[in-house]
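Visitor: turn this into a model:
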Amino acid sequence: MTPSTPRGTRVSHIGIAVEALAESLPFFRDVLGLTEVPLDDSDGASIVGLSAGEPLVELLQADDPASPIARFVAKRGPGIHHICFSVDDLDATLDRCRKAGVQLLDEKPRIGAEGKRIAFLHPKSTGGVLVELSDH
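Guide: Numbering: from 1, shown residues only. Presented below is the predicted three-dimensional model:
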């Protein structure tokens, strides 16, 4: 396998919790003109990806009332749920986070909606923002 050229940390996507995809999708797709990108559902949520240049916008609708998205919407209402940063080396980044005292929600990476390895960081450690990290 050929080593990849480091790309640096970049915004991968912004996750937006919505009450209903059918109500929210037309604004982003039809009014703003964002193109749908196929994504897998994940963590008890239906997900629609939309291309916004290089980063994606992910609309997240809870399918399971116990899911993180359902809890978020019930507590805070619809809105920005998280920001995801793609990193060159997810394992090394998680190690740096541990050494810096950042609280990890995922101790080990898992597979996310784009089929990439992901891990979430606790908002208490990141200035109140739920941060997702992913492989490029």
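
Visitor: how many neighbours does the residue nearest to Gly8 when sequence neighbours are not counted have?
Guide: If the residues on either side of it in the chain are set aside, Gly8 comes closest to Asp88, at 6.8 Å by Cβ to Cβ, 6 or more residues apart in numbering. In short, each C-beta sits where N, CA and C put it, glycine included. Look at Asp88: counted by other Cβ atoms under 10 Å, it has 15 neighbours.

Visitor: try Ala66
Guide: With other Cβ under 10 Å as criterion, Ala66 counts 8.

Visitor: and the gap between it and Ala45?
Guide: Distance, Ala66 to Ala45, using Cβ to Cβ, to the nearest Å: 11 Å.

Visitor: give me the mean pLDDT for stretch 66-75.
Guide: In this model, stretch 66-75 has an average pLDDT of 97.

Visitor: list of residues touching that stretch?
Guide: 17-19, 43-45, 60-62, 64, 81 (Cβ atoms under 8 Å, 6 or more residues apart in numbering).

Visitor: may I see the buried residues of that stretch?
Guide: Using 16 or more other Cβ atoms under 10 Å as the burial criterion, the residues of stretch 66-75 that qualify are 67-70, 72-73.

Visitor: and if you look at stretch 83-101?
Guide: Those would be 83-87, 90, 93-94, 97, for stretch 83-101 by 16+ other Cβ under 10 Å.

Visitor: how about those in a markdown table, adding pLDDT, secondary structure and distance to Pro6?
Guide: A markdown table is the format used below for the buried residues of stretch 83-101 (pLDDT from 0 to 100; DSSP: H, G, I helix; E, B strand; the rest coil; distance: Cβ to Cβ, whole Å):
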| residue | pLDDT | secondary structure | distance to Pro6 |
| --- | --- | --- | --- |
| Ile83 | 98 | strand | 21 |
| Cys84 | 98 | strand | 18 |
| Phe85 | 97 | strand | 14 |
| Ser86 | 96 | strand | 11 |
| Val87 | 97 | strand | 10 |
| Leu90 | 97 | helix | 13 |
| Thr93 | 97 | helix | 12 |
| Leu94 | 97 | helix | 17 |
| Cys97 | 97 | helix | 18 |
